[in-house]
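Okay, sequence plus prediction incoming.
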Number of protein chains: 2
Amino acid sequence: MDKLHLDQHISQQYNADLEDLRTELLEMGGMVEEQVRDAITAISNADGELAERVLVVEDEVDQREIALDEHCTLILARRQPAASDLRMVMAVSKITRDLERMGDEAQKVARMAIALVEDGSGSQGYVELRHLGNSVQTMVHQMLDAFARFDVETAMNVAKEDKQVDREYRSATRELMTYMMEDPRSISRVMNVMWALRSLERIGDHARNIAEHIIYLVKGLDVRHTSMKEIEKQLRERP
Amino acid sequence: MDKLHLDQHISQQYNADLEDLRTELLEMGGMVEEQVRDAITAISNADGELAERVLVVEDEVDQREIALDEHCTLILARRQPAASDLRMVMAVSKITRDLERMGDEAQKVARMAIALVEDGSGSQGYVELRHLGNSVQTMVHQMLDAFARFDVETAMNVAKEDKQVDREYRSATRELMTYMMEDPRSISRVMNVMWALRSLERIGDHARNIAEHIIYLVKGLDVRHTSMKEIEKQLRERP
């Protein structure tokens, strides 16, 4: 399963350090995935209580980000990793950042869920929220899967899925604009849905960023700011 | 001037490597600062041509991000830096990311400027854009200054300024909502202003993130997710 050839070290402790880093990242990832799922459920079902729970987790996610970053710096200072080990540490340090931002956006969705519950009545935008919510949740899940198995193909799928999410987001935004024009009394309510959709779209962006870090980690290719077609070409040329 | 005590190395080349890193980051920072300034001028003056120029620079900024990151990895692999050198490399790697996102947001502002020019007529939101635009520009400028001089005090000011920008942003958003309610025909136009304001607020967030990386770089303190009061306390306790 493990397609990344992490250097085997004479020091057992070094191996354990790298393995710990991976486990810690997966734990943080699982936490953020749950936050995203709960935020989407909360806003889809107008569940204020669940939304409050999403807000509480945030602190823990923030602390994990700091701890993971410290761990990365420690490994760099103590072990002076090279090649794929170095890529692993650098990628983890970047991925934690994107995970934390994802958690931030989930928190924003939860806040909008609470605002929508307080606003009461009105169902404009719920279809759009459910739709985009489902797509984004799938992306986040696949992205963690790709990291757990160092799987470039799944990472590529996540990156592709982001294009689809962007399209869905744009079409949802247009739909919401017509709601506002048809019924100006709904403006403040629909704006809350608009901000929530925006956050969902950002969560998709972060999942894509992480997918790119995974490709870098496994293949040593920096594919940021590169078109899908070009990435596929470069991957074919690599062993 | 230079308050950070970068380790002095027997290897001249190592010293030069670290100095180059700093220069490259400042160059990238200057580029992004110009992008932000032009985007704000373009949207404040309804200058479509200037907005188009902002879009063109983006590619160059993206390439700089990749090059700087490669440079960081190279130094880590070759020089195995420790202590403040290691912090410098890690901070630069994080700062480039925030700079690139800042450029992205400037691009979004530029796109909204173009949309507003095409929409023609209507002046709702221009006051808000100018106001927030000014505050954000000052933050970006101070942030680069703080990095150039490794100056923690200026970095702290940037972080504080972000609170003010967030307040201004919220009040501007409320103002725009009333415009839409009063004149529903303006909805699509005002939404463009809304997205531009959102991007400006994000640019402020990134400037604050960078300010935090600067504090880490100079003082070795990770101040993310920490209140202003707590940061000030921790800084007093450090030499």
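Structure's in. What do you need?

Going by C-alpha atoms from here, please, whenever you check contacts or count neighbours.
Will do.

and A:Arg87, how many residues sit next to it?
Look at A:Arg87: counted by other CA atoms under 10 Å in any protein chain shown, it has 22 neighbours.

That one: helix or strand, and which one exactly?
Using DSSP states H and E, the secondary-structure element containing A:Arg87 is helix A:83-119.

Can you name the next helix or strand after that helix?
Next element after helix A:83-119 (DSSP H and E): helix A:126-148.

So for that following helix, what gets flagged as buried?
A:128-133, A:135-137, A:139-144, A:146-148 (16 or more other CA atoms under 10 Å in any protein chain shown).

And for stretch A:167-176?
Buried-residue list, stretch A:167-176, by 16+ other CA under 10 Å: A:Glu168, A:Tyr169, A:Ala172, A:Thr173, A:Leu176.

wait, which of these is closest to A:Ala113?
A:Leu176 (16.6 Å; CA to CA).

So the residue lying closest to A:Leu144 once chain neighbours are set aside versus B:Ala46, what's the distance?
Computed as CA to CA, 6 or more residues apart in numbering or on different chains, the closest residue to A:Leu144 that is not its neighbour in sequence is A:Gly29, at 6.7 Å. According to CA to CA, to the nearest Å, A:Gly29 stands 43 Å off from B:Ala46.

Of these two, which one has the most company?
A:Gly29 (25 against 21).

Quick one: work out the angle between the helix or strand harbouring that one and helix A:83-119.
Taking DSSP H and E as the criterion, A:Gly29 maps to helix A:12-44. Angle, helix A:12-44 to helix A:83-119, by axes from the mean of the first three to the mean of the last three CA atoms, to 10 degrees: 20 degrees.

List the buried residues of whatever helix or strand comes next after helix A:12-44.
Per DSSP H and E, the first helix or strand lying C-terminal to helix A:12-44 is helix A:48-79. For helix A:48-79, burial by neighbour count (16+ other CA under 10 Å) applies to A:48, A:50-55, A:57-58, A:61-62, A:64-66, A:68-69, A:71-73, A:75-77, A:79.

Now cross-check these against chain B and list the overlap.
A:Asp62, A:Ile66, A:Thr73, A:Leu76, A:Ala77 (CA under 8 Å from any CA of the partner chain).

In stretch A:144-161, which residues are buried?
Within stretch A:144-161, the residues scored as buried using 16+ other CA under 10 Å are A:144, A:146-148, A:150-152, A:154-159, A:161.

Export the residues you listed to CSV and append columns for distance to A:Glu201 and pLDDT.
CSV is the format used below for these (distance: CA to CA, whole Å; pLDDT from 0 to 100):
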residue, distance to A:Glu201, pLDDT
A:Leu144, 18, 98
A:Ala146, 20, 98
A:Phe147, 21, 97
A:Ala148, 23, 97
A:Phe150, 25, 96
A:Asp151, 24, 97
A:Val152, 22, 96
A:Thr154, 19, 97
A:Ala155, 18, 97
A:Met156, 18, 96
A:Asn157, 16, 97
A:Val158, 13, 97
A:Ala159, 13, 95
A:Glu161, 11, 96
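
From these, which land in strands?
Among the buried residues of stretch A:144-161, no member falls in strands (DSSP state E).

chain center to the helix or strand of chain A with the lowest mean pLDDT: distance?
Within chain A, no helix or strand scores below helix A:228-237, which has a mean of 90 by mean pLDDT, DSSP states H and E. The chain centroid and the centroid of helix A:228-237 are separated by 23 Å under CA atoms, centre = their mean, to the nearest Å.

again, but for stretch A:165-175
19 Å.

what about that stretch, near chain B?
No. If you take CA under 8 Å from any CA as the test, stretch A:165-175 misses chain B, and the best it gets is 9.5 Å.

Quick one: mean pLDDT for that stretch?
Across stretch A:165-175, the average pLDDT comes to 95.

And stretch A:43-61, by the same measure?
pLDDT averaged over stretch A:43-61 gives 93.

CA-only coordinates of that stretch in CSV, if you can.
Listed next in CSV are the C-alpha coordinates belonging to stretch A:43-61 (Å, rounded to 0.1, in the frame of the first residue of the first chain):
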residue,chain,number,x,y,z
ILE,A,43,-26.4,24.0,8.0
SER,A,44,-28.3,21.5,5.9
ASN,A,45,-30.5,20.5,8.8
ALA,A,46,-30.7,23.9,10.6
ASP,A,47,-29.2,22.2,13.7
GLY,A,48,-27.9,25.0,15.9
GLU,A,49,-26.6,22.6,18.6
LEU,A,50,-24.4,20.7,16.3
ALA,A,51,-23.1,24.0,14.9
GLU,A,52,-22.1,25.1,18.4
ARG,A,53,-20.1,21.8,18.8
VAL,A,54,-18.1,22.7,15.6
LEU,A,55,-17.0,25.9,17.2
VAL,A,56,-15.7,24.2,20.3
VAL,A,57,-13.4,21.8,18.4
GLU,A,58,-11.5,24.7,16.7
ASP,A,59,-9.2,25.3,19.7
GLU,A,60,-8.0,21.7,19.6
VAL,A,61,-7.3,21.9,15.9
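
Any idea how far that stretch is from the middle of the chain?
Per CA atoms, centre = their mean, the centroid offset for stretch A:43-61 relative to its chain is 17 Å.

Same question for stretch A:194-207.
For stretch A:194-207, the distance to the chain centre is 10 Å (CA atoms, centre = their mean).

Name the residues of that stretch that come out as buried.
For stretch A:194-207, burial by neighbour count (16+ other CA under 10 Å) applies to A:194-207.

So, low pLDDT: which residues of chain A?
Applying pLDDT under 70 to chain A picks out residues A:1-8, A:10, A:121, A:239.

For it, list the residues in contact with chain B, please.
A:62, A:66, A:73, A:76-77, A:80-83, A:86, A:94, A:177, A:180-181, A:184-185, A:187-188, A:222, A:224-225.

closest to B:Glu24 among the buried residues of stretch A:167-176?
A:Tyr169 (36.1 Å).

quick one: A:Glu161 and A:Met139 touch, right?
Yes. At 6.9 Å, A:Glu161 counts as touching A:Met139 under the criterion of CA atoms under 8 Å.

which residue is nearest the middle of chain A?
For chain A, the residue nearest the mean C-alpha position is A:Ala207 (3.6 Å; CA atoms, centre = their mean).

what about A:Gly122, how many neighbours?
11.

List the residues that contact A:Leu21.
A:Leu68, A:His71, A:Cys72, A:Val92 (CA atoms under 8 Å, 6 or more residues apart in numbering or on different chains).

returning to that earlier point: which residues sit against the least confident helix or strand of chain A?
A:Lys160, A:Lys219, A:Val223.

Tell me the buried residues in that helix?
So for helix A:228-237, counting by 16+ other CA under 10 Å, buried means A:Ile231.

Can I get that helix in CSV? Just the C-alpha atoms.
Only the C-alpha atoms of helix A:228-237 are listed here, as CSV (Å, rounded to 0.1, in the frame of the first residue of the first chain):
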residue,chain,number,x,y,z
MET,A,228,-4.2,19.4,-15.0
LYS,A,229,-3.0,18.4,-18.4
GLU,A,230,0.6,19.5,-17.7
ILE,A,231,0.6,17.6,-14.3
GLU,A,232,-0.5,14.4,-16.0
LYS,A,233,2.2,14.8,-18.6
GLN,A,234,4.9,15.3,-15.9
LEU,A,235,3.6,12.4,-13.9
ARG,A,236,3.8,10.1,-17.0
GLU,A,237,7.4,11.1,-17.5
